[in-house]
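In: Take this sequence and fold it.
(chains A and B)
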2 protein chains.
Amino acid sequence: MNAAAPTSVLQSASPVAYIEQLGQRAKLAARGMAKASTAAKNQALLHTAQLIEQSVDELSQANIKDVEAARAKGLEPAFVDRLILSDKVMASMVEGLRQVAGLNDPVGEISELRKQPSGIEVGKMRVPLGVVAIVYESRPNVTIDAAALCIKSGNATILRGGSEAFHSNQALANLIRAGLAAAGLPADSVQVIDTTDRAVVGALLQAESYIDVVVPRGGKSLVERVSREARVPVIKHLDGICHVYIDDTADQAMAIRIADNAKTQRYSPCNTMETLLVARSIAPQVLPPLCKIYIEKGVELRGDEATVNLLGLHGIAAIAATEDDWRTEYLAPILAIRIVENLDEAIDHITTYGSAHTDSIITQHHGNAMRFLREVDSASVMINASTRFADGFEFGLGAEIGISTNKLHARGPVGLEGLTSQKYVVFGHGEIRS
Amino acid sequence: MNAAAPTSVLQSASPVAYIEQLGQRAKLAARGMAKASTAAKNQALLHTAQLIEQSVDELSQANIKDVEAARAKGLEPAFVDRLILSDKVMASMVEGLRQVAGLNDPVGEISELRKQPSGIEVGKMRVPLGVVAIVYESRPNVTIDAAALCIKSGNATILRGGSEAFHSNQALANLIRAGLAAAGLPADSVQVIDTTDRAVVGALLQAESYIDVVVPRGGKSLVERVSREARVPVIKHLDGICHVYIDDTADQAMAIRIADNAKTQRYSPCNTMETLLVARSIAPQVLPPLCKIYIEKGVELRGDEATVNLLGLHGIAAIAATEDDWRTEYLAPILAIRIVENLDEAIDHITTYGSAHTDSIITQHHGNAMRFLREVDSASVMINASTRFADGFEFGLGAEIGISTNKLHARGPVGLEGLTSQKYVVFGHGEIRS
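Out: Numbering: from 1, shown residues only, chains lettered A, B, ... in the order given. Now for the predicted structure:
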């Protein structure tokens, strides 16, 4: 068997049998990856980068099949755009592989080693999770980004991309598997599902014996489906209803700068602000100049009664927000605004309507800043910074496989460390328990 | 409403409505607990300890109802024993509360705070999980032990003990809730389910909106039921098929001492050795004297062919092990023994048959020791120490809520830290994303 051959086609098998076969291979490969040297993992990443550079034509040919099929099906231009492996996308995949190769290897790190009264030394060792499944939509570059993080963190991975990117993903998978084989690592540590049968995803989500965690990457409907169906643990976030709260004592220029940036720097990311909360005492100073900026940038404003009245006095139009607005992730140039009495009311609002993703307070008051930090139970909580910073690169993780609003395991941007866990290690010298 | 009153009886409600009501109260209480001071949490624990000391008669009366009912039902004496709140058990509950009060509070700890190129400082803050459900069997002291760990870690908890301990658990719950109220903390942060309707457990395990994690404590059938039914994440271990591997270069006296202790110090705990693996080259020196000890202690031996033959030469009886023996957690004076070629075969055996709980190598060879540590994918991996050390107290956690063989979140003994997770915190100075 050629180790670098693509995942073999098993389309005649039932979805469950197909996943079992992939799962068995992945588990075996995971053992090899867990003990792989950092040098070998880096070599696999760098070799894959090189192969991509050498295979631009081949990749383009595979990609064209997908793009043409998508256009023929009449899919939206924005969708087709995301499908295209342009020179720029290819360069960013290559750059991503090299960046991940440059990150520290988290595997094997021993921490908190302490001597116990019995004489044993007890610590924790960071180890890969095992087999990571990733279910994503039609951006083929995710195939490379996700595989790179799994390889570096010593995991095996089973990837299932959108069916519209089928040929592109298979072509990319061949290059990754060749890169792994060239580094002496098991090619099966990256397997891309080579059937578009949706029942296979169902089988994957049930395969507790083979899959240690699944990460859905994509829109809310994908994440909802995966969460609903999965028996396997899921690392996910559903919504990004992010808040900025402007406290009584905020520096007004800073508040305006951050609230502007958090909403308008980009509208579609999950860490974009969707609801602005403003303390009553500072609202007359802050809201009119801030909302003029929003209006100039074409942002539709939806406010509670106090906000609508205040803005009306300054000739700024805002429509009345409904209860639904506080619960909506617009991902669009729309902003909900509410005037609150104080910090307590702001925290109550975030607890009631938020999605535990990212929330920020703008304040000069130390006590309020620290209360917000502690009492807002979100994956990322910020003081005097734009919510747009909630991102693996900005947090110094190097890259991210996704963002988690789970309570267990990783919260917030999930990088290499989030693809590992810690086991206990004990160094003894012949100790027995008495 | 009297804050220290017992969980109110809602037996007329449907199981789902009942759990919703408990869940809503728990979520509200969790907010109060998350921001509670360490002093208040300790006060609640110490006050409960005092109340138990003052309420020995009252507790005994409640307990007698349970014990008499159990005897009347003809339940086994060992079962009835575990139900009894003896003076010794009460003293250990009181001692446990004081010990947990003495542990460091993990909540609020900020770590890994680092400045990023954008100017923001990014770190992690340790925070409670929220609402922890614990489903356990008929030892009423678990009510106190589990509640204590949840209180100290800033969580709210919903406890569901075995129906045979109903009156004991309700009486203990009243004391804990009074202790919480005396410390100014929400009494609803500890709720003990006050119905023996089993459908309520089913509703609890589905209540993703209210429960952040469930910890089953008890026998395998309980853990299996909880795992199978739960939509809520479960912290659990199913089996403890623990191995000791005696390597070629083991110190023979140490190997015998540890292999004896790992099996015979106590037979029923989950960290007791169930399978002994011995390298072929050292088996003739180690196995005969070791197995004489086992035989003297009444341990039944089941070996592979090489073991049976070797022991036969020394007049030691061992029956032939079947494939099932390698997969069995005996929890009894029975030991499976296998002679393996080398470290690789030992690791293969553990990977194939183990339960990822606790495994130990006895060796003087540094390279083999470190390979075992890295390559055995179990929650606790040891060098030259008895598997019996895999325990929250022995590991320095102070106490444990259970042992986890999950891959995500906590692995191994789960103490206070395992009842928390880490969120990202960002200290900014007005930074915006460009």
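
In: Quick check: which element contains the closest residue to chain B within the stretch 201-350 of chain A?
Out: Distances between the stretch 201-350 of chain A and chain B by CB to the nearest CB are smallest at A:Asn261, namely 3.7 Å. Backbone N, C-alpha and C define where each C-beta goes, glycine included. Using DSSP states H and E, the element containing A:Asn261 is helix A:252-264.

In: What's the first helix or strand after that helix?
Out: strand A:273-279.

In: residues contacting the spatially closest residue to A:Gly415 that is not a sequence neighbour?
Out: Nearest in space to A:Gly415, with sequence neighbours left out and distances taken as CB to CB, 6 or more residues apart in numbering or on different chains, is A:Leu397 at 3.0 Å. By CB atoms under 8 Å, 6 or more residues apart in numbering or on different chains, A:Leu397 lies in contact with A:413, A:415-417.

In: what do you get for A:Ile401?
Out: A:134, A:145-146, A:149-150, A:215, A:217, A:235, A:414-415, A:418-419.

In: tell me the helices in the stretch 151-300 of chain A, going along the chain?
Out: A:166-182, A:198-206, A:220-229, A:252-264, A:283-296 (DSSP state H, counting those that start in this stretch).

In: Need those helices in JSON lines (columns: mean neighbour count).
Out: Below are the helices of the stretch 151-300 of chain A laid out as JSON lines (neighbours: other CB atoms under 10 Å in any protein chain shown):
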{"stretch": "helix A:166-182", "mean neighbour count": "24"}
{"stretch": "helix A:198-206", "mean neighbour count": "19"}
{"stretch": "helix A:220-229", "mean neighbour count": "15"}
{"stretch": "helix A:252-264", "mean neighbour count": "22"}
{"stretch": "helix A:283-296", "mean neighbour count": "18"}
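
In: Columns mean pLDDT and distance to B:Gly74 on top of these, output as CSV?
Out: As requested, those are exported to CSV (pLDDT from 0 to 100; distance: least, CB to CB, whole Å):
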stretch, mean pLDDT, distance to B:Gly74
helix A:166-182, 97, 62
helix A:198-206, 95, 41
helix A:220-229, 93, 44
helix A:252-264, 98, 67
helix A:283-296, 98, 71
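
In: Buried residues in stretch A:19-32, which are they?
Out: Within stretch A:19-32, the residues scored as buried using 16 or more other CB atoms under 10 Å in any protein chain shown are A:19-23, A:25-27, A:29-32.

In: and which of these is nearest to chain B?
Out: A:Arg31 (6.8 Å).

In: which SSE is the closest one in?
Out: helix A:15-34.

In: elements contacting that helix?
Out: strand A:121-128, strand A:131-136, strand A:156-160, strand A:190-192, helix A:198-206, helix B:366-375 (3 or more CB pairs under 8 Å, 6 or more residues apart in numbering or on different chains; DSSP states H and E).

In: tally of neighbours for the spatially closest residue to A:Lys115 that is not a sequence neighbour?
Out: Once flanking residues are discounted, A:Lys115 sits nearest to A:Glu121: 5.2 Å by CB to CB, 6+ apart. Around A:Glu121 there are 18 other residues, counting by other CB atoms under 10 Å in any protein chain shown.

In: ok, now which ones touch A:Glu121?
Out: A:113-115, A:426-428.

In: So which bits of the stretch 51-200 of chain A are right by chain B?
Out: Residues of the stretch 51-200 of chain A found near chain B (CB under 8 Å from any CB of the partner chain) are A:108, A:114, A:116, A:118, A:120, A:122, A:125, A:127, A:129-130.

In: rerun that using 6 Å as the cut-off
Out: A:116, A:120, A:122, A:129-130 (CB under 6 Å from any CB of the partner chain).

In: Please indicate which of these are buried?
Out: Members of these classed as buried by 16+ other CB under 10 Å are A:120, A:122, A:129-130.

In: quick revisit: tell me if I'm right that the residue of the stretch 201-350 of chain A closest to chain B and B:Ile432 touch.
Out: Yes - taking CB atoms under 6 Å as the definition, A:Asn261 is a contact partner of B:Ile432 at 3.7 Å.

In: so what's in contact with those two at the same time?
Out: A:Ser386 (CB atoms under 6 Å, 6 or more residues apart in numbering or on different chains).

In: that older thread, which one of the buried ones among the residues of the stretch 51-200 of chain A next to chain B sits closest to B:Ile246?
Out: A:Ile120 (18.2 Å; CB to CB).

In: Please enumerate residues in contact with the longest strand anywhere in chain A?
Out: As assigned by DSSP state E, the longest strand anywhere in chain A is strand A:420-431. Around strand A:420-431, the neighbours that count as contacts under CB under 6 Å, 6+ apart are A:106, A:118-129, A:153, B:254, B:373, B:379-385, B:407, B:411-412.

In: which bits of the stretch 201-350 of chain A sit near chain B?
Out: A:212, A:233, A:254, A:257-258, A:261, A:265.

In: Mind doing that once more with 8 Å?
Out: A:212-213, A:233, A:235, A:251, A:254, A:257-258, A:260-262, A:265.

In: I'd like to know how many residues surround A:Leu419.
Out: 27.

In: The closest residue in space to A:Ala346 that isn't next to it in sequence pairs with what?
Out: Distance criterion CB to CB, 6+ apart; nearest residue to A:Ala346, sequence neighbours excluded, is A:Tyr245 at 4.2 Å. A:Tyr245 forms beta bridges with A:Leu277, A:Ile361, as assigned by DSSP bridges.

In: which residues touch A:Tyr245?
Out: Contacts of A:Tyr245 (CB under 8 Å, 6+ apart): A:277-279, A:340, A:343, A:346, A:350, A:359-362, A:372.

In: now A:Phe395
Out: Contacts for A:Phe395 (CB under 8 Å, 6+ apart) come out as A:389, A:412-413, A:415, B:116, B:122, B:424.
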